[in-house]
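Asks: Turn this into a model:
(2 chains)
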Number of protein chains: 2
Amino acid sequence: MMDGHRPTNDRRDRAVIVGAGLAGSLAAVYLARRGYAVDVYERRDDPRLAPAGLAGRSINLGLSARGMSALREVGLLDEVLKRSVPMRGRVVHSPDGTVSFQPYGVREHQILHSVLRDELIAVVVDAADAQPGVRFHFGWRMQRLDRDRPSVTVVSEADGTSTEVTADLVVGADGAFSTVRQQLQHGLRANHAQEFLDWGYKELTIPVGDDGQPRVRLEALHVWPGEHAMMVAHPNLDGSLTCSLFMAFEGEPSLATLTSPAAIRAFFQQHFPDAEALMPHLVEEILDHPTGHLVTVRTAPWHHADRVVLVGDAAHAVYPFYGQGMNSSFEDCLVLDQCLAAHPDRGAALAAYQTARKTHTDVLADLSTQNFEDLRARVHRPGYALRAAADRVLNRLLADRWTPLYTMVAHTTTPYAEALARSRRQDRLLRWSAAGAVAAGTTLAYLTTRTLARAGRGR
Amino acid sequence: MMDGHRPTNDRRDRAVIVGAGLAGSLAAVYLARRGYAVDVYERRDDPRLAPAGLAGRSINLGLSARGMSALREVGLLDEVLKRSVPMRGRVVHSPDGTVSFQPYGVREHQILHSVLRDELIAVVVDAADAQPGVRFHFGWRMQRLDRDRPSVTVVSEADGTSTEVTADLVVGADGAFSTVRQQLQHGLRANHAQEFLDWGYKELTIPVGDDGQPRVRLEALHVWPGEHAMMVAHPNLDGSLTCSLFMAFEGEPSLATLTSPAAIRAFFQQHFPDAEALMPHLVEEILDHPTGHLVTVRTAPWHHADRVVLVGDAAHAVYPFYGQGMNSSFEDCLVLDQCLAAHPDRGAALAAYQTARKTHTDVLADLSTQNFEDLRARVHRPGYALRAAADRVLNRLLADRWTPLYTMVAHTTTPYAEALARSRRQDRLLRWSAAGAVAAGTTLAYLTTRTLARAGRGR
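Replies: Below you'll find the model as predicted:
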């Protein structure tokens, strides 16, 4: 329900959410369902009114099990899936031009869904907006948090007027550089670490072909691994794909060297020979599109008493290489809701939420960094493909007793740290089995040789 | 030269230093010597006018080789040593009441010097103030940094008036929660990690005895190691010692439980039985003194072009358990000066300074954390004392070819990371030698047995 910035005025507990991105808008849906009157303040304009697919900003996301679970719980999954393209596996493009398809899993439900970020937000904002007691206030920038009252002071981007909004609960959903977090933690013993990757990214496009057909297999995530640069492409409903080129900011080669059409073409011919033909606007896009940054944030505390709490990137920003940023943000909303249900005392609920989540999102940060290294190294280590194939075979043979790490992260809601621990147990088992197989094979060979030798002597 | 806040006005390069603590005041001395006109802005009052030894704030520091080297270079060492008490070794107090003395090193110069923080700052501020072109402005809080101009806007604590001061170089010496750093790094790909120890500290006093004599051996650092709490005491010229009690904030036992005279006495009788008798004001001091926090800061960048640079805690805050916080801050000033001398281009000098220092101060952060763990574990591992004794013996026998890590950190100016690397090489050598000794011993025993057996058979 949009009607300016006047706060709602009834007897329900009131929540103010700062940020109407993925986490903030889904938090609004959950808190409204739990009976809160919700006011959401967002610096930018209403995403539903903004022109779709602005150049260099049409980011695509891969929705997987955790995100789907959080959307399903509030009845939004079907609406989102209607606007998504299923990704049934990974198409890996090699520098030698060969292309291989790796299915995501052995089961039908083990697929991802590619959706435009703006479309996804629009669905969730629409759903929140339809709830009684939810009001969105776009074009208001958060300026100050009073964490004890609690209240936030917001400033109109249009005319600079400011107003202080009080609430029972303030939710910081304002991203990796959260102002809510900064003011929530000010003067406290807050442990905070932010680390930028020395690689950035450019958004590029693989448009639909001149024949109206997709230029590559559509229902897949396309990956161009590489040591010095990598690309990932997600499909869109119209048959185009949105591609992210990741490269170092500085050095040779780097984004800093891609400053002329000749340099861009030479670079692509060497590193992604099959991609250039797919991207007719490659040169202009690289020259014109802004360069994105990638940051990991680990932080604590996530909450202040029963008054303020963080969700999404404000609590845990991760590199995008495991495709879990949005999924883990959505999962935050689900877990926060479960904690509010389990603990009538909201202070206890917020503490339980941080305890339930932080261990796992810290592990996700590690996994996301590791996956970046793996994607860089993959081209040089054929063992990766072999191991992935072995994982699939074992998973098929042993079913639930053998689940590859990627499968647990992307296709289940097993908490991240538990998934990692289980994967390590499986790895140990595999090593022992391999050692056992080698030992058994050696013993067998020895016995066979000896038997043959004896038989020979016996003749 | 103090005369209000008017900036100096001549043709020399102008530096504005934010913060007149240890790093800021020594940086003023160095920059003045290098020809800069220097204005130093400090939020607090002039430390030379403040009443000395305010309750709970009379912090003592252990000056060691790096700090001495930086003071010597600008002719301040003798003045500081006059106000210091030499510490010739470590007195370790055990929970069973036994006390042992461990000399710091095998050479006469391997001693530390205990000095009150406020007295040390007063010496350095006096020295800076005596230089032409240096002006201190106390009672001015830094509000805003324009990192490109560069300039700082400062606000008078007395009347709230503000003024913008331009400079050629801004030096951020404003501590672990540096505002200069925050604004220097704003919007950049700044990697930043701050981590609080879940232990805090209280300053306590071992006053001079009723007979006018020190209650414990004066020329030493006193240490009460412990798993749940530890204390460190530095001597003062008047025969008293300043003691820091370190404990967890929460839990059992913790600072949170020391809320009554009975609880305090019971805790000390159990953990530091010999200390209670030394501290007649123990109960009041624990109840009245504020609790200090301990933070580690690792951050980058340390500089912006040729315009802004960080020194001291603003660049690298460390836990106090290696006694290197002040020493490494002073060393910053020396290294920065060397870089300015080596590089006529100031941007190159500031970059060289960060490169020369950051690796080492990051290692110092690790060492300081490790020393906290070691101090906690020490009481349970007699191996520590044994190893320390072995280190001293090897150092005495092998002289410069065997230097214990602590000796390199405290008594040399070997950069921290090099000290650690060398210590690891020595450790490996020791392990190999030990393994070699065992192997040699075993071989010898075998050969002896065999020879004896043969001799026996031969008879």
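Asks: what does chain A put close to chain B?
Replies: Contact residues, chain A versus chain B (Cβ under 8 Å from any Cβ of the partner chain): A:189, A:190, A:191, A:192, A:193, A:194, A:195, A:196, A:198, A:249, A:293, A:295. C-beta here means a position set from N, CA and C on the backbone, and glycine is covered the same way.
Asks: now, among those, which is nearest to residue B:342?
Replies: Residue B:342 has its nearest neighbour among these in residue A:198, at 26.6 Å by Cβ to Cβ.
Asks: Surely the closest one and residue A:254 touch.
Replies: No. Applying Cβ atoms under 8 Å, one finds residue A:198 not in contact with residue A:254, separated by 9.2 Å.
Asks: So between those two, which is more surrounded?
Replies: residue A:254 (17 against 14; other Cβ atoms under 10 Å in any protein chain shown).
Asks: sorry, back to before: okay, and which of the residues of chain A next to chain B map to strands?
Replies: A:191, A:192, A:193, A:194, A:195, A:196, A:295 (DSSP state E).
Asks: after the lowest-mean-pLDDT helix or strand in chain A, next one along is what?
Replies: Within chain A, judged by mean pLDDT, DSSP states H and E, the helix or strand with the poorest mean is helix A:383-398; its value is a mean of 69. Moving toward the C-terminus from helix A:383-398, the next helix or strand (DSSP states H and E) is helix A:405-411.
Asks: Give me the mean pLDDT for that following helix.
Replies: The average of the pLDDT scores along helix A:405-411 is 89.
Asks: Likewise for stretch A:138-153?
Replies: Here the average pLDDT along stretch A:138-153 is 97.
Asks: what does it rub up against?
Replies: A:5, A:16, A:18, A:20, A:41-46, A:154-158, A:162-170, A:172, A:174, A:179-180, A:183-184, A:304-305, A:307-308 (Cβ atoms under 8 Å, 6 or more residues apart in numbering or on different chains).
Asks: Contacts only, for residue A:67.
Replies: Residue A:67 neighbours (Cβ under 8 Å, 6+ apart): A:326, A:327, A:330, A:331.
Asks: Tell me the one among the residues you listed nearest to chain B.
Replies: Proximity of the contacts of residue A:67 to chain B, judged by Cβ to the nearest Cβ, is greatest for residue A:326, which lies at 22.3 Å.
Asks: Just give me the neighbour total for that closest one.
Replies: Residue A:326: 27 neighbours (other Cβ under 10 Å).
Asks: quick one, phi psi at it?
Replies: phi -70, psi -40 (degrees, to the nearest 10).
Asks: swap in residue A:156?
Replies: Torsion angles, degrees, to the nearest 10, at residue A:156: phi -70, psi 130.
Asks: Kindly report the same for residue A:414.
Replies: Torsion angles, degrees, to the nearest 10, at residue A:414: phi -50, psi 130.
Asks: Not counting residues beside it along the chain, what's closest to it?
Replies: residue A:408 (4.9 Å; Cβ to Cβ, 6 or more residues apart in numbering or on different chains).
Asks: Likewise for residue A:192?
Replies: Leaving aside its sequence neighbours, residue A:192 sits nearest to residue A:299 (Cβ to Cβ, 6+ apart; 4.7 Å).
Asks: And for residue A:242?
Replies: Using Cβ to Cβ, 6+ apart, the closest residue to residue A:242 is residue A:60 (4.3 Å).
Asks: ok, residues contacting the host helix or strand of the residue nearest to residue A:192?
Replies: Per DSSP H and E, residue A:299 falls inside strand A:295-300. Residues outside strand A:295-300 that contact it (Cβ under 8 Å, 6+ apart): A:176, A:181, A:185, A:190-197, A:310, A:313, A:315-319, A:354, A:358, A:362, A:365, A:368-369, B:189.
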